[in-house]
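Asks: fold the following.
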Amino acid sequence: MYYAHQKSSVGERFGPVAENSTSSLSSLRSLVWLYFWLLLWEGALRKWFFPSLSTPLLVVRDPVVLLIYAVTLAKGVFPFNRFILLIAALGIVSFGASLIVFDRLGIIAYGLHTNFLHLPLIFVLPNIMRPKDVVRMGKWLLLLSLPMTVLVIYQFISPSGARINAAAGGDLGGQMMAIGDRVRPAGTFSFVTGMVSFLSVVAAVLLSGFLDQKQLPPWLCVAGIPALLLSLVLSGSRSAIAFVTIIVIAALLICARQFQRFSQMLTPVLLGYLTFLGFCYLPLFRAGLEVHEGRLKAGGGVNRGIIARYLGGFGESIEIAGQTPLLGRGLGIGTNAGAALLTGSRGFLLGESEWSRVVGESGPILGYAYLMLRMAICLFITRRCWAAVVRGRALPFLLIASSGLDLVSGQFGQPTILGFAVLFSGLALAAIDDSEVEVDEQVPQKPIRRIRGRAPLAEALQRFGDRATTPLASRFSEPTAARDRSPPSQESPSKI
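Replies: Residues are numbered from 1 along each chain as shown. A predicted model of the protein is given here:
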């Protein structure tokens, strides 16, 4: 028995795979890293360093995405799977429908970028990034969470009109307020929505460091617990609490599937509890807790303030559908950038929720088709990542837990939300490690006789019967040395 080293089955499923040479994809990996760093720092560029270029910096990652697509096409690793084809077809039809009902080509182009340009990147990333690249990116996220916590503290104690709390374009006092005179810290991002996505991914990587042991330095995982807890409490964001809660639930599901992992969760749970008790003696921490308590009371508690807030967007989209023309009102109108071009000020012209925006822009038919496509992509990734849990990999499932809600209903009109949803959904697929597939040399695999109309249960019984009729001696006749030999070298391509 030997192990056939090959590209992940994710890559096989999504399209052609790359050459074995690592250097052949190094330029593509560099572009993915550039996308990652721009995602983390584009907010700082828009509000602190180049506020006059805030509007063009909205699409600063678009050239990187287009370059990734061009290079993957040139190298023959661009995946032409059914999701890519559906995205392309729906994008073309939606663009044509918008041209019929709306005459602002620039706004339509921005809406096309918002809905369709970045989505194929989800399926390109598994053909570029290796599991160890994803772990390395997660390590950087944990490292950055430490200084990010210091920045959040500074923003929390600073007045809303301070430069450290400037919004995109250098707008002093433009950040969202939590309660009273407390601002919602945005970190390096344009608004607190970016901080919500960042904390969610950090929580996913942090818990994976305990569940997938020896992947991340233990000291970094331990240091990340107080940083995450402090940033979460000072964020003043109910969404941040909800997203991190989803990550914890995902970790518990992993433990429920593999009971031996419960012992690995004891360390973060115990450290988190002791850290929380210790922080409760800090006035700063208690002030953050008071902000959350005030926001929950003002918003109607957990049911009305968090759950109803997300579920209400679905019902609102149905009301919007009844008032929207069949072909919609035009791509891009519902985004903040589209509203600014139309009216001169930012706002939500078609509703604040993502489903309302999409249905209002594209109409009930194309709008819901696009939303169902996003939901299908999320379900597909979740299924693949859950299969990886069975094989002992927790990181993929935790990553899709951090980005899945944004993938389904996140406001893609906010470039930061779009970037986090696409990047970490793709990295969830890339983190699935199927590089070693066990193959039996001695026992020939009998072809399955397929009969038209046969039920899946009958097929399963047939396979069981074929296996049962295989001579027992042939299953164990292989010498021990042959079973334990090392993987074949590259000089034996016939066995790979």
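
Asks: in the helix or strand containing Gly272, which residues are buried?
Replies: Using DSSP states H and E, the element containing Gly272 is helix 262-279. Neighbour-count burial for helix 262-279, with 16 or more other CB atoms under 10 Å as criterion, is recorded at 264-265, 268, 271-272, 275-276, 279. Glycine gets a C-beta too; all of them are placed from N, C-alpha and C.

Asks: next SSE after it?
Replies: Following helix 262-279 in sequence, per DSSP H and E, is helix 283-298.

Asks: helix 262-279 and that next one, what's the angle between them?
Replies: Angle, helix 283-298 to helix 262-279, by axes from the mean of the first three to the mean of the last three CA atoms, to 10 degrees: 100 degrees.

Asks: pLDDT on the helix holding Gly272, on average?
Replies: Helix 262-279 carries an average pLDDT of 91.

Asks: elements contacting that helix?
Replies: Helix 262-279 is packed against helix 192-211, helix 218-234, helix 238-257, with contacts defined by 3 or more CB pairs under 8 Å, 6 or more residues apart in numbering; DSSP states H and E.

Asks: quick one: which of these is nearest Leu366?
Replies: Among the helices and strands packed on helix 262-279, helix 192-211 comes nearest to Leu366, with 25.8 Å by CB to CB.

Asks: how is the chain carved up into domains?
Replies: Structurally, the chain divides into domains by automatic domain parsing as follows: 7-436, 448-495.

Asks: what about the lengthiest helix in the chain, distance to the chain center?
Replies: The residue-count maximum for a helix in the chain (DSSP state H) belongs to helix 354-390. Averaging C-alpha positions (CA atoms, centre = their mean, to the nearest Å) puts helix 354-390 13 Å from its chain's average.

Asks: tell me what it is packed against?
Replies: By 3+ CB pairs under 8 Å, 6+ apart, helix 354-390 packs against helix 82-101, helix 238-257, helix 308-322, helix 395-409, helix 415-430.

Asks: pLDDT score for Phe476?
Replies: Reported pLDDT for Phe476: 38.

Asks: lowest average pLDDT across the domains of the chain?
Replies: domain 448-495 (a mean of 43).

Asks: on that earlier part again, what two of the buried residues of helix 262-279 are the furthest from one another?
Replies: Checking those with CB to CB, the most distant pair is Gln264 and Phe279, at 23.9 Å.

Asks: so Glu330 touches Phe102, yeah?
Replies: No Glu there; residue 330 is Gly. Yes. With contacts counted by CB atoms under 8 Å, Gly330 reaches Phe102, the gap being 2.9 Å.

Asks: who touches both of the two?
Replies: Ile108 (CB atoms under 8 Å, 6 or more residues apart in numbering).

Asks: more neighbours: which of these two?
Replies: More crowded of Gly330 and Phe102, by other CB atoms under 10 Å: Gly330, with 26 against 19.

Asks: quick one: which helix or strand includes the more buried one?
Replies: Per DSSP H and E: Gly330 is located in neither a helix nor a strand.

Asks: please identify the most buried of the domains of the chain.
Replies: Most buried of the domains of the chain, by mean neighbour count (mean count of other CB atoms under 10 Å): domain 7-436, with a mean of 19.

Asks: starting at the chain centroid, how far to that one?
Replies: Per CA atoms, centre = their mean, the centroid offset for domain 7-436 relative to its chain is 5 Å.

Asks: from Asp433, how far off is the closest residue to Ser208 other than its chain neighbours?
Replies: Among residues not flanking Ser208 along the chain, Leu395 sits closest, at 4.1 Å (CB to CB, 6 or more residues apart in numbering). Distance, Leu395 to Asp433, using CB to CB, to the nearest Å: 9 Å.

Asks: what's Ser235 sitting at in phi/psi?
Replies: Main-chain torsions, Ser235, degrees, to the nearest 10: phi -70, psi -30.

Asks: hang on, it packs against Val152?
Replies: Yes. Contact status for Ser235 versus Val152: in contact at 7.0 Å, counting by CB under 8 Å.

Asks: joint contacts of those two?
Replies: In terms of CB under 8 Å, 6+ apart, Ser235 and Val152 are both contacted by the residues 185, 195.

Asks: just to revisit the earlier point, which among the helices and strands packed on helix 354-390 is found nearest to Met137?
Replies: Judging these by CB to CB, what sits closest to Met137 is helix 415-430, at 6.9 Å.

Asks: quick one on the thing from earlier: quick one, the longest helix of the chain and helix 395-409 angle?
Replies: Angle between the axes of helix 354-390 and helix 395-409 is 170 degrees (criterion: the same axes, to 10 degrees).

Asks: now the angle from helix 354-390 to helix 82-101?
Replies: Counting by the same axes, to 10 degrees, helix 354-390 lies at 180 degrees to helix 82-101.

Asks: list the contacts of Lys47.
Replies: 54, 166-171, 190.

Asks: SS state for Ala178?
Replies: Secondary structure, DSSP: H, G, I helix; E, B strand; the rest coil: Ala178 is strand.

Asks: doesn't Gly236 make contact with it?
Replies: Yes. If you go by CB under 8 Å, Ala178 and Gly236 touch, sitting 3.2 Å apart.

Asks: now for these two: what residues contact both?
Replies: 184, 291, 295.

Asks: closest one to Ile417 out of the residues you listed, please.
Replies: Arg184 (15.2 Å).

Asks: does the closest one touch Thr193 like I think?
Replies: No. At 9.5 Å, Arg184 does not count as touching Thr193 under the criterion of CB under 8 Å.

Asks: tell me the contacts of the closest residue to Val71 other than its chain neighbours?
Replies: Spatial nearest neighbour of Val71, excluding adjacent residues (CB to CB, 6+ apart): Leu28 at 5.6 Å. For Leu28, the contact set (CB under 8 Å, 6+ apart) comprises 68, 71-72, 75, 77, 128.

Asks: equivalent analysis for Val124, please.
Replies: Taking CB under 8 Å, 6+ apart as the test, what Val124 contacts is 68-69, 72, 77-79, 426.

Asks: can you tell me the element it falls in?
Replies: Going by DSSP H and E, Val124 is part of helix 121-124.

Asks: put the alpha carbons of that helix into CSV.
Replies: The C-alpha trace of helix 121-124 is given here as CSV (Å, rounded to 0.1, in the frame of the first residue of the first chain):
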residue,chain,number,x,y,z
LEU,A,121,-11.8,34.2,-6.4
ILE,A,122,-13.3,31.7,-3.9
PHE,A,123,-12.7,28.9,-6.4
VAL,A,124,-9.4,30.2,-7.7
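
Asks: sec struct for Ile432, please.
Replies: coil.

Asks: I'd like the distance between the closest residue to it other than its chain neighbours and Leu151.
Replies: Closest residue in space to Ile432, ignoring its immediate chain neighbours: Ala388 at 4.6 Å, by CB to CB, 6+ apart. Per CB to CB, Ala388 is found 34 Å from Leu151.
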